[in-house]
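Participant: Pasted the sequence and its predicted model underneath.
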Amino acid sequence: MSNSQNANIVITGQGIISAIGIGVQETLQALRDGRSGIGTMKYLASTHHELPVGEVDRSNDQLKAMLGIPSEQEVNRTALLGMVALQQALDDANIQRKGRRVILVTGTTVAGMDLTERYFGTFRDSDEHIGCMRQHDCGACTNLIASHFGIFNESATLSTACSAAANAIILGANFLRTGQADVVVAGGAEALSRYHLNGFNSLMILDHEVCRPFDATRAGLNLGEGAAFVVMEREADAQERNADIHGYLTGYGNACDAFHQTMSSPDGEGACRAMTQALAMAGVHPDDIDYVNAHGTGTVNNDQSESAALRRVFGEQMPPVTSTKMYTGHTTSASGAIEAVFSLLAMRYGFVPANLGWTQSAPDCIRPSQGIAQLKVDRVLCNSFGFGGNDTSLLFARRPLHDMTRLDTTRKVRVAAEVELADPESLADINKYVKPLEARRMGKLLKASLLASYQALEAAGIDCPDAIITATAWGCAEHNELLLDQLEQEGEVPLKPTYFMQSTHNTIGSNIAIHLNCHGYNVTYSHGTRSFDWAMRDATMLLQSGQCHTVLVGLHEEVTPLMHSLMSRLGLPVAPADLYSRVVVLTVDD
């Protein structure tokens with residue numbers, strides 16, 4: 001591979017599957033025609049047919065047939081969607097391993113939940129269908145996708161809720177810029193499940209009509225499903241093999257709103273920081289942006305907060321802004337990659353997709369574009385904002401204004417402090433740092449992770465780190481199990497919102513950021529037993545490249561009695577203790 005110091009990142013392949021079609025051409029046509037894919041659920045076995053969704057119009061058996069997988073083989077829907085999109089991306093880029101270091105980075109949160117919720121009542125008490133638990137966690141889902149192709153040297157999984165796929169693309173870019181990979185395939189996949197449909201419903205943010213982002217009458221989001229992946233290479237390598245270049249990733253930003261677990265701040269602080277970082281990295285001014293693909297979910301809170309952030313960044317020179325959630329529904333962890341493909345298509349074919357459903361302006365929102373059929377689009381800013389304030393922006397361009405350089409990997413990283421916590425009795429010490437009433441609202445793992453973080457930072461003499469990187473294979477397992485048990489025992493009655501709010505993997509890292517008021521880089525790795533390895537690797541890249549001076553890295557796991565039983569019966573490894581937090585504060589010598 002080329003040894004050039006030019007580390008410009010190019011996109012040489014893309015694949016996509018969503019409610020508006022399978023593949024780039026169907027997707028492009030739907031965007032140009034203004035055709036929504038949101039409608040009545042067909043495949044999801046839910047009782048909530050009053051809730052519109054953006055389903056992929058293929059059954060699991062049809063997806064398996066497309067992939068050459070026997071119909072009798074049990075494969076979760078998230079993995080199936082991911083495989084379809086990934087196959088397209090590889091074909092588009094004409095990627096073969098041939099001695100190249102190829103890494104897969106996936107963003108997901110739901111992972112194999114569709115199988116888990118289907119068989120939970122069975123394998124809880126017997127070994128029937130227990131094998132599906134091997135596909136349950138996020139890392140297992142990524143590994144399942146990777147194994148279908150057999151070309152990847154490594155695979156990693158990020159789980160930052162609705163910004164997961166966008167963060168996967170950032171990680172992929174950093175791997176290329178540090179020379180750790182020759183090709184990165186990055187994106188996300190997410191299937192609809194009763195679990196997260198009812199979870200979002202418990203927060204009362206689902207619209208019973210097709211969503212209307214930025215509209216005065218907006219009443220919530222519609223959930224969707226899908227997958228998308230992009231193939232990323234260094235420019236010199238792509239040119240060496242005469243690859244077709246779809247566009248350049250010239251800038252990206254990751255910041256934490258540090259405000260609330262499920263709400264965005266009124267001033268859009270995290271979103272503003274993420275967009276500003278992306279612009280700065282690309283070396284462009286706000287008025288150089290030709291189109292913004294907004295996160296735009298259609299909830300009252302998100303659209304107001306994102307509008308505030310957009311106004312802070314662009315002022316009176318607002319470029320065309322649209323949300324595309326009314327085409328696909330909110331595909332949560334996959335949305336960053338799906339909308340990255342939308343952004344690349346808008347740039348390549350010169351148009352702006354319409355903000356469908358918008359009819360009435362709202363004083364607290366920007367006025368979105370109603371679509372532009374023909375427009376020279378040189379640069380697109382693509383926003384993805386997740387629960388917990390995990391905010392990410394990607395900037396795509398036809399050509400970069402300046403060359404990216406390889407990131408330095410020579411600085412010496414050292415451990416400033418390390419704390420391990422495995423004794424539930426020690427959780428009472430959390431009251432030293434937070435009010436008792438606030439602590440009572442937290443599950444055991446949130447308390448343990450926050451306490452260990454405070455103690456490690458105290459030992460290192462640091463008030464607030466520059467970045468927070470979390471590792472967890474299972475997340476807040478107790479709350480996940482409580483939600484599954486409620487679904488099994490009571491059916492699709494209103495679930496407890498506090499359970500759902502603490503069920504996403506990135507809840508842990510965002511909880512720490514909120515209490516530390518840390519607006520810096522914030523991601524969560526959920527890749528089985530390798531979660532902590534990936535977290536440390538990312539932290540090392542940030543520190544060696546000079547992007548950060550201090551990083552808080554934590555491994556946080558909890559194991560319920562049921563999980564112990566399941567893992568024992570499956571012969572799978574479990575955490576060192578029922579409750580375990582290990583926090584390392586890393587720094588770099590100047």
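Facilitator: That came through fine.
Participant: export the helix or strand containing residue 555 as PDB, just CAs?
Facilitator: Assigned by DSSP states H and E, residue 555 belongs to strand 550-558. C-alpha atoms of strand 550-558 as PDB (Å, rounded to 0.1, in the frame of the first residue of the first chain):
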ATOM      1  CA  THR A 550      -6.500  12.900  29.100                       C
ATOM      2  CA  VAL A 551      -8.900  10.100  28.500                       C
ATOM      3  CA  LEU A 552     -11.100   8.300  30.900                       C
ATOM      4  CA  VAL A 553     -11.500   4.600  29.900                       C
ATOM      5  CA  GLY A 554     -13.900   2.300  31.700                       C
ATOM      6  CA  LEU A 555     -15.000  -1.300  31.500                       C
ATOM      7  CA  HIS A 556     -18.300  -1.800  33.100                       C
ATOM      8  CA  GLU A 557     -20.300  -5.000  33.400                       C
ATOM      9  CA  GLU A 558     -23.100  -6.500  35.500                       C
END
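Participant: After that strand, heading C-terminal, what element do we hit next?
Facilitator: Going down the chain from strand 550-558, the next helix or strand is helix 561-570, by DSSP H and E.
Participant: Show me what that next one packs onto, helices and strands only.
Facilitator: Packing partners of helix 561-570 (3 or more CB pairs under 8 Å, 6 or more residues apart in numbering; DSSP states H and E): helix 477-490. No exception for glycine: its C-beta is placed from N, CA and C like everyone else's.
Participant: Give the buried residues for the following helix or strand past the helix it packs on.
Facilitator: Counting by DSSP H and E, the next helix or strand C-terminal to helix 477-490 is helix 497-501. Neighbour counts over helix 497-501 (16 or more other CB atoms under 10 Å) mark 499, 500, 501 as buried.
Participant: ok, now stretch 302-320?
Facilitator: Of the residues in stretch 302-320, those buried (16+ other CB under 10 Å) are 302-314, 318-320.
Participant: just so I have it, where are all the helices in the stretch 401-550 of the chain?
Facilitator: Counting by DSSP state H, counting those that start in this stretch, the stretch 401-550 of the chain has helices at residues 436-440, 444-460, 477-490, 497-501, 507-516, 531-544.
Participant: what's the angle from the longest one to helix 477-490?
Facilitator: Helix 444-460 and helix 477-490 meet at an angle of 170 degrees, taking axes from the mean of the first three to the mean of the last three CA atoms, to 10 degrees as the criterion.
Participant: and helix 444-460, what does it pack onto?
Facilitator: Using 3+ CB pairs under 8 Å, 6+ apart, helix 444-460 is in contact with strand 413-421, helix 477-490, helix 507-516, strand 550-558, strand 579-588.
Participant: Mind putting those into a markdown table with distance to residue 45, mean neighbour count and mean pLDDT?
Facilitator: Formatted as a markdown table, the helices and strands packed on helix 444-460 follow (distance: least, CB to CB, whole Å; neighbours: other CB atoms under 10 Å; pLDDT from 0 to 100):
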| stretch | distance to residue 45 | mean neighbour count | mean pLDDT |
| --- | --- | --- | --- |
| strand 413-421 | 40 | 17 | 97 |
| helix 477-490 | 12 | 18 | 93 |
| helix 507-516 | 27 | 26 | 96 |
| strand 550-558 | 29 | 27 | 97 |
| strand 579-588 | 34 | 23 | 96 |
